[in-house]
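Peer 1: A predicted structure for the sequence below; I have some questions about it.
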Amino acid sequence: MEILKTKKTLQDFIERQKEMGKRIGFAPTMGALHNGHLSLYKAAREENDLVISSIFVNPTQFNNLEDLEKYPRDTQKDISILEKSGLVDAVYLPQVEDIYPEKTESKKYDYDGLENEMEGKSRPGHFDGVGTVVEELFRQVQPNNAYFGEKDFQQLAIIKKMTEKKHLPVTIKGIPIYRAENGLALSSRNQRLTEERRNESKIIFETLEKTKEWFKNLSVSEIKKKVKDVFEHQNNMELEYFLIADEHTLKEISQKEEGKSYRAFIVVNVDDVRLIDNMHLE
Ligand code: PAF
């Protein structure tokens, strides 16, 4: 596996691959790699000649300095995971100045309102930071296909929108959430949970599964009340939000309508770790 530590080495590498006509699959990450990331690489492996990943903890998408500081970082461990997986041909490890040559700040994006829902309300500026880093990485890596997990469903929708609006020649692929055996959605942040809390957190998945059933017969407000009740009885968890939204506009709904598709979205704080999950509702 090639380890590309600067923009220049990446550019030389990409140039050679493009000359050989290679189709590039790309999965950007912030490291702390887990099986969820490996599922992105597996999908990329099947559909491209070459798989590239990046590891870069993007400062502009954190709206909380403490969260940025606490974000798990272990590049050596990540590299050995990548090497052992045999799924990735090259990893790009940019420095801040490779992404932000002038000021370390976000550009402003208009994602047709997708940015004003859910995480956009809870984390102001977050999606400008995501758009800035992903657009820059796409321009540098020049992938044919790029892979993102559906765990961050709003991020996936926003990246699709940004790519479309900027006319970037890359196809965005959403990959289903990779779950632990107990149903907990895999996330780099899970590393900060004790084993006990990780076990308890399966209630998030179980509640989404129940929501799927409830959605068949109950009203949206009845479901919201039930979910609120579940978390009121959990000692170490605080429900930040639960809502049901139109899968395309991401706008919260209060009533279902025929012919639309919906998804439940949830954020729960377990100790000081923010866990996010979602599920498509039939
Ligand atoms: O999902 C992530 O890990 C990050 O938001 C991403 C897409 C790598 C951008 O920093």
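Peer 2: Looks like it arrived, so ask away.
Peer 1: alpha carbons only for contacts and neighbour counts from here, please
Peer 2: Will do.
Peer 1: Show the residue spans covered by the helices in the stretch 1-150 of the chain.
Peer 2: 7-19, 35-47, 65-70, 75-85, 96-99, 118-122, 126-141 (DSSP state H, counting those that start in this stretch).
Peer 1: Put the alpha carbons of the fourth one into PDB.
Peer 2: Taking C-alpha atoms only, helix 75-85 is exported to PDB below (Å, rounded to 0.1, in the frame of the first residue of the first chain):
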ATOM      1  CA  THR A  75      -2.400   6.700  12.400                       C
ATOM      2  CA  GLN A  76       0.000   3.800  12.900                       C
ATOM      3  CA  LYS A  77      -2.800   1.600  14.000                       C
ATOM      4  CA  ASP A  78      -5.000   2.700  11.100                       C
ATOM      5  CA  ILE A  79      -2.200   2.000   8.600                       C
ATOM      6  CA  SER A  80      -1.800  -1.500   9.900                       C
ATOM      7  CA  ILE A  81      -5.600  -2.100   9.700                       C
ATOM      8  CA  LEU A  82      -5.500  -0.900   6.100                       C
ATOM      9  CA  GLU A  83      -2.500  -3.100   5.300                       C
ATOM     10  CA  LYS A  84      -4.000  -6.100   6.900                       C
ATOM     11  CA  SER A  85      -7.300  -5.600   5.100                       C
END
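Peer 1: Name the residues of it that are buried.
Peer 2: Of the residues in helix 75-85, those buried by neighbour count under the rule 16 or more other C-alpha atoms under 10 Å are Thr75, Asp78, Ile79, Ile81, Leu82, Glu83.
Peer 1: repeat for the second one
Peer 2: Of all the residues in helix 35-47, those buried under the rule 16+ other C-alpha under 10 Å are Gly36, His37, Leu38, Ser39, Leu40, Tyr41, Ala43, Ala44, Arg45.
Peer 1: Would you reformat the residues you listed as a markdown table and include distance to Glu238 and pLDDT?
Peer 2: Below are those laid out as a markdown table (distance: C-alpha to C-alpha, whole Å; pLDDT from 0 to 100):
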| residue | distance to Glu238 | pLDDT |
| --- | --- | --- |
| Gly36 | 25 | 98 |
| His37 | 27 | 98 |
| Leu38 | 30 | 98 |
| Ser39 | 29 | 98 |
| Leu40 | 30 | 98 |
| Tyr41 | 33 | 98 |
| Ala43 | 34 | 98 |
| Ala44 | 36 | 98 |
| Arg45 | 39 | 98 |
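Peer 1: In the chain, which residue sits closest to the ligand?
Peer 2: Nearest to the ligand, among the residues of the chain, is Thr29, at 3.7 Å (C-alpha to the nearest ligand atom).
Peer 1: Mind listing the residues bridging to that residue?
Peer 2: Taking DSSP bridges as the rule, Thr29 bridges to Ile55.
Peer 1: pretty sure it is touching Tyr41, no?
Peer 2: No. Using C-alpha atoms under 8 Å, Thr29 and Tyr41 do not qualify as a contacting pair, with a distance of 11.0 Å.
Peer 1: where does the protein have its least confident helix or strand?
Peer 2: Sorting the helices and strands of the chain by mean pLDDT, DSSP states H and E puts helix 65-70 at the bottom, at a mean of 90.
Peer 1: who does that one touch, helix- and strand-wise?
Peer 2: If you count contacts as 3 or more C-alpha pairs under 8 Å, 6 or more residues apart in numbering; DSSP states H and E, helix 65-70 packs onto no helix or strand.
Peer 1: next one: that helix to chain centre, how far?
Peer 2: 18 Å (C-alpha atoms, centre = their mean, to the nearest Å).
Peer 1: Near the ligand, which residues of the protein? Just list them.
Peer 2: Pro28, Thr29, Met30, Asn58, Val130, Val134 (C-alpha under 6 Å from any ligand atom).
Peer 1: The same query, at a cut-off of 5 Å, please.
Peer 2: Taking C-alpha under 5 Å from any ligand atom as the contact definition, the chain meets the ligand at Pro28, Thr29, Met30.
Peer 1: out of the residues you listed, who has the most neighbours?
Peer 2: Among the residues of the chain next to the ligand, Pro28 has the most neighbours (other C-alpha atoms under 10 Å), with 22 neighbours.
Peer 1: how about the closest residue to that one other than its chain neighbours, what does it touch?
Peer 2: Excluding the flanking residues, the one nearest Pro28 by C-alpha to C-alpha, 6 or more residues apart in numbering is Ser54, at 4.7 Å. Contacts of Ser54 were listed using C-alpha atoms under 8 Å, 6 or more residues apart in numbering, and they are Ala27, Pro28, Thr29, Met30, Val91, Tyr92, Leu93, Pro94.
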